[in-house]
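Novice: sequence and predicted model, in that order:
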Amino acid sequence: MVRNIVVIGGSSHPQLNESICEILGIPQGNAILSKFSIGETRVEIGESVRGKDVYIIQSGGGKVNDHLMELLITISACKTASAKKVTAVLPLFPYSRQSDVPYNKTGAPLVKSPNQFNKPDLADDGYTFDSTPPTPHPDKPWSRGLTNGIDGLHKSLAKVHIDDYEISPTTHTARYAHYSNGITSHPKRSDISETSKSGDYFLRQQASSHVSLTNGVNDDNASVTSEGQKSAFKPSPGYKQWVAQAGTLVADLLTCAGADHIITMDLHDPQYQGFFDIPVDNLYGRPLLKRYIQQHIPDFKQCVIVSPDAGGAKRATAIADSLGTEFALIHKERRPTKITDRQNATMMLVGEVAGKTAILIDDLADTSNTITRAAKLLKKEGASKVYALVTHGVLSGDAIERINASALDHVVVTNSIDQREHKLKCPKLEVLEVGHVFAEAIRRVHYGESISVLFQYD
Ligand SMILES: O=P(O)(O)OC[C@H]1O[C@H](OP(=O)(O)OP(=O)(O)O)[C@H](O)[C@@H]1O
């Protein structure tokens, strides 16, 4: 039995909370987690946590925003109740996988350069890796105004044609903040109306930024500009969309709420740990997946481990190397131009799977589009059987139906997210218990022992 510790289970995954506490040999901490009728989260800590180490378990998936808010409030409640240390245990870390910035077919970010720049290095379709507007440089005619004081800046901004940009107000702020390089200039009313007439809206963007940069002080200029912006806004090709990268915000929220330590598993991007200035232990799901292969897949040495995209290649090769099996990679040949077009990316297999059992390894299956399309390709290339082994089975939307109708023979996930409903609907689904990994991590962190043993799986 672990002493001087309180483990509070969030409402995202009650079964995992129970299993972790059972393994640790302690009762679950007494906390009332509910909602007021307005929908706001109510948290009441029903026991003293003064001077104790508190572990709060809350996974992503399901009602992810509600669960995140509940976690933040619970952390804060424990901290203000004088807990010695608060550790957030997030088996699936919410918001750590944010959708990509959309790419065009050549792989360049979807930033369209204004035509009047006449830059020779533009790709055929007019997209470029350069920032827009460009970085000021004395040799570039379009940047001259930038070196000529605020008036020059205004004139230069007014010359930039971005009629075909589709930018949200928040994007305006971010882009202008970047462009102005710290200069907080306030546009004149005359400049704004002139600009609105000419159809250019960079100056309007600038004025919109002014609203934000002045921290909510909404002066005349800004309101006139806001109206002008609304009336002149024309969605058109070019800057397609702005994808908020909420990962940093979530990291900051957790720290700000009072978390002293994070325990999670198979972060989609391990570099996400760097978003925190508190310790993050990113446990591996690989040992569980490897053990499944060894114990349940016949002749596993003859199988081929497949990564369904380049992003997961390192993860999959690590398992292939430790098992001594072949490895293959599916390359998404064309990046979709829209996030909603992800399913249209063409896939290409690099490696040999004919006559073999193929084992797809990935960190998560959300819509299951990736694994089902990969399975179709593998079967087409002659694979005799296809398994998908995935750490986090988010399986949102119609993912289960898609798996049931797919070429996949078996799908194996851990219960980092509650899988009971999924299991009822999907006969191909097998679930690996992950509670003991988190229980051991909690025990080791609590006693100050090394947890590197949990990162090994040979
Ligand atoms: O079930 P799905 O909805 O298809 O999502 C699952 C896929 O998404 C993630 O990769 P992502 O597409 O973000 O690419 P990346 O690995 O290059 O980041 C993840 O690694 C899976 O491959």
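Specialist: On my side now, so go ahead. Numbers count the residues shown, from 1 in each chain.
Novice: ok, residue 416 - contacts?
Specialist: With contacts defined as CB atoms under 8 Å, 6 or more residues apart in numbering, the neighbours of residue 416 are 16, 59, 91, 92, 265, 266, 285, 391, 392, 393, 434. The way it works is simple: take the backbone N, C-alpha and C, and place the C-beta from them, glycine included.
Novice: roughly how far apart are the closest residue to the ligand within the stretch 201-350 of the chain and residue 292?
Specialist: Taking CB to the nearest ligand atom as the measure, the point where the stretch 201-350 of the chain comes nearest the ligand is residue 311, at 2.4 Å. Between residue 311 and residue 292 the distance is 22 Å, computed by CB to CB, to the nearest Å.
Novice: which one of the two has more residues nearby?
Specialist: Using other CB atoms under 10 Å, the more surrounded residue of residue 311 and residue 292 is residue 292, with 19 against 16.
Novice: thought that one was touching residue 388?
Specialist: No - with contacts counted by CB atoms under 8 Å, residue 292 stays clear of residue 388, the gap being 11.5 Å.
Novice: which neighbours do these two have in common?
Specialist: Common contacts of residue 292 and residue 388 (CB under 8 Å, 6+ apart): residue 412.
Novice: how far away is the nearest residue to residue 50 once chain neighbours are set aside from residue 89?
Specialist: The shortest distance from residue 50 to any residue that is not its chain neighbour, by CB to CB, 6 or more residues apart in numbering, is 4.3 Å, and that residue is residue 82. Residue 82 is 20 Å from residue 89, where distance means CB to CB.
Novice: touching stretch 443-455 from outside, list them.
Specialist: In this structure, residues lying in contact with stretch 443-455 by CB under 8 Å, 6+ apart are 2, 5, 24, 53, 55, 87, 261, 263, 281, 283-284, 437, 440-441.
Novice: out of those residues, show me where the pLDDT dips lowest.
Specialist: Ranked by pLDDT, the contacts of stretch 443-455 bottom out at residue 2, which scores 70.
Novice: so that one makes contact with residue 22?
Specialist: No - contact criterion CB under 8 Å: residue 2 and residue 22 do not qualify, at 12.0 Å.
Novice: strands of the chain, residue ranges please.
Specialist: Counting by DSSP state E, residue ranges of the strands within the chain are 5-9, 31-35, 41-45, 53-57, 85-90, 261-265, 280-283, 304-307, 326-332, 347-350, 357-365, 385-393, 410-414, 429-432.
Novice: turn those into a markdown table, columns for mean neighbour count.
Specialist: What follows is the strands of the chain, written out as a markdown table (neighbours: other CB atoms under 10 Å):
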| stretch | mean neighbour count |
| --- | --- |
| strand 5-9 | 23 |
| strand 31-35 | 14 |
| strand 41-45 | 16 |
| strand 53-57 | 26 |
| strand 85-90 | 26 |
| strand 261-265 | 23 |
| strand 280-283 | 20 |
| strand 304-307 | 26 |
| strand 326-332 | 19 |
| strand 347-350 | 15 |
| strand 357-365 | 26 |
| strand 385-393 | 27 |
| strand 410-414 | 24 |
| strand 429-432 | 18 |
